[in-house]
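A.B. asks: Structure for the following, please:
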Amino acid sequence: MTTFSTGNPIVDFFYILFNGISEIPLFSSPITGILILSGVLIASRKAGIMMALSGLVGAGMAIILGADYKLVTFGLFGYNSILSGMAFWSGPFSKTKRATFWYSIFAAAATAVFWMAQTHIMGDFFVLGGNGTAIPGFTSSFIFTTWFLMLAAQRFGHDVGLKQVGQTYKMHHYGEDNVKLEVPEVSEPKFKWTILEFMKSTLKGVSQITFVENWKTGVFWVVGLTLSFELAPMLTGNPTHWWSNGYAGSSNPYYLAGLMALWGSGIGTAMSILLEDTHF
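C.D. replies: Prediction:
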């Protein structure tokens, strides 16, 4: 595994910040981290600031608790904390306010601790006799920590936007099977799909990985994913430069990551069109 620990505090800070961001798509590449953060800042400065801050909080918690410094500079303590912090700060189900800000910071710190525990469980408990294969947790520590904190938020005195209240509809029954809602239906003009709208929706799907909805952010994601893999090492012949990724190898077809992101989001968009869901 490539090491990003240099002994220079400024350079290490650079790696910790941008590798932590680039680990959201599960690899370490500072150039990808820079592009992803730039894309998020275009969509929302508040979201971009929280992205950087949450990653540093997670890394700081790891350093305070004595985690392996090489893992910190590699970015492994950043990405889950970033997702937790952004979920509460810029997610579609939360309110951007002071209480939410501090809850986001707490979530980022808590996620780093949970990641340590889960890495131990998934990495050690499944290695039978010391010769087995560890199972990576990926972003599951973000998911479980965020779920847990969302449940806790239901009892908060501060409304952080996570209290879901179901809407009650009054109904009139006609016959045995026909039911008509009292709430009047709002007629909306039928959305017309074009190739341009399809591409924008596909790029928005990529940008939603970090809880923002902006096709320009999706462009930065795709470009960052494409440039991170192989391109820089092939041009320089040295896979240890700061602009290369942590897993670069001569036979790794990782430069297809940007295409895979578009492909996956495009399939989801196409399925929504087929199912007549026009919420984009």
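A.B. asks: Mind naming the longest helix for the chain?
C.D. replies: helix 98-120 (DSSP state H).
A.B. asks: Report all helices and strands that that one contacts.
C.D. replies: helix 45-64, helix 79-89, helix 140-153 (3 or more C-beta pairs under 8 Å, 6 or more residues apart in numbering; DSSP states H and E). Every residue, glycine included, has its C-beta placed from N, CA and C.
A.B. asks: Now that we have those, can you turn them into TSV and tack on mean pLDDT and distance to Ser28?
C.D. replies: Shown next, in TSV, are the helices and strands packed on helix 98-120 (pLDDT from 0 to 100; distance: least, C-beta to C-beta, whole Å):
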stretch	mean pLDDT	distance to Ser28
helix 45-64	95	13
helix 79-89	93	10
helix 140-153	89	17
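A.B. asks: ranking those helices by burial, who's on top?
C.D. replies: helix 79-89 (a mean of 30; mean count of other C-beta atoms under 10 Å).
A.B. asks: Would you map the helices across this structure?
C.D. replies: Along the chain, counting by DSSP H, helices occupy 9-22, 30-43, 45-64, 69-74, 79-89, 98-120, 140-153, 195-207, 215-228, 231-236, 257-274.
A.B. asks: My guess is Leu26 contacts Phe138. True?
C.D. replies: Yes: counting by C-beta atoms under 8 Å, Phe138 is a contact partner of Leu26 at 6.3 Å.
A.B. asks: Give the intersection of the neighbour lists for those two.
C.D. replies: Shared contacts of Leu26 and Phe138 (C-beta atoms under 8 Å, 6 or more residues apart in numbering): none.
A.B. asks: which intervals of the stretch 151-280 of the chain have sub-threshold pLDDT?
C.D. replies: 162-190, 229-255, 277-280 (pLDDT under 70).
A.B. asks: go with 80
C.D. replies: 154, 156-191, 227-257, 276-280 (pLDDT under 80).
A.B. asks: ok, back up a step: and among the helices of the chain, the most buried is which?
C.D. replies: helix 79-89 (a mean of 30).
A.B. asks: returning to what we had before: quick check: mean pLDDT across the longest helix of the chain?
C.D. replies: The average pLDDT for helix 98-120 rounds to 91.
A.B. asks: just stretch 23-40 next, same as before
C.D. replies: So the average pLDDT for stretch 23-40 ends up being 90.
A.B. asks: Against Gly60, how distant is Glu259?
C.D. replies: Wrong residue type there; residue 259 is Leu, not Glu. 35 Å (C-beta to C-beta, to the nearest Å).
A.B. asks: Repeat that for Ser29.
C.D. replies: Distance, Ser29 to Gly60, by C-beta to C-beta: 22 Å.
A.B. asks: What of Ser201?
C.D. replies: Distance from Ser201 to Gly60, counting by C-beta to C-beta: 37 Å.
A.B. asks: Please tell me how far the nearest residue to Leu83 once chain neighbours are set aside sits from Thr217.
C.D. replies: Among residues not flanking Leu83 along the chain, Phe142 sits closest, at 4.2 Å (C-beta to C-beta, 6 or more residues apart in numbering). Phe142 sits 19 Å away from Thr217, going by C-beta to C-beta.
A.B. asks: got it, and Asn8?
C.D. replies: Separation of Asn8 from Thr217 (C-beta to C-beta) stands at 31 Å.
A.B. asks: can you tell which of the helices of the chain is closest to Asp159?
C.D. replies: Asp159 lies closest to helix 98-120 among the helices of the chain, at 7.8 Å (C-beta to C-beta).
A.B. asks: List the contacts of the closest one.
C.D. replies: 50, 53-55, 57-59, 61-62, 65, 67, 76-77, 80-89, 94, 137, 140-142, 144-146, 149, 153, 156, 158-161.
A.B. asks: Surely Pro25 and Ala257 touch.
C.D. replies: Yes: Pro25 is within contact range of Ala257, at 6.8 Å (criterion: C-beta under 8 Å).
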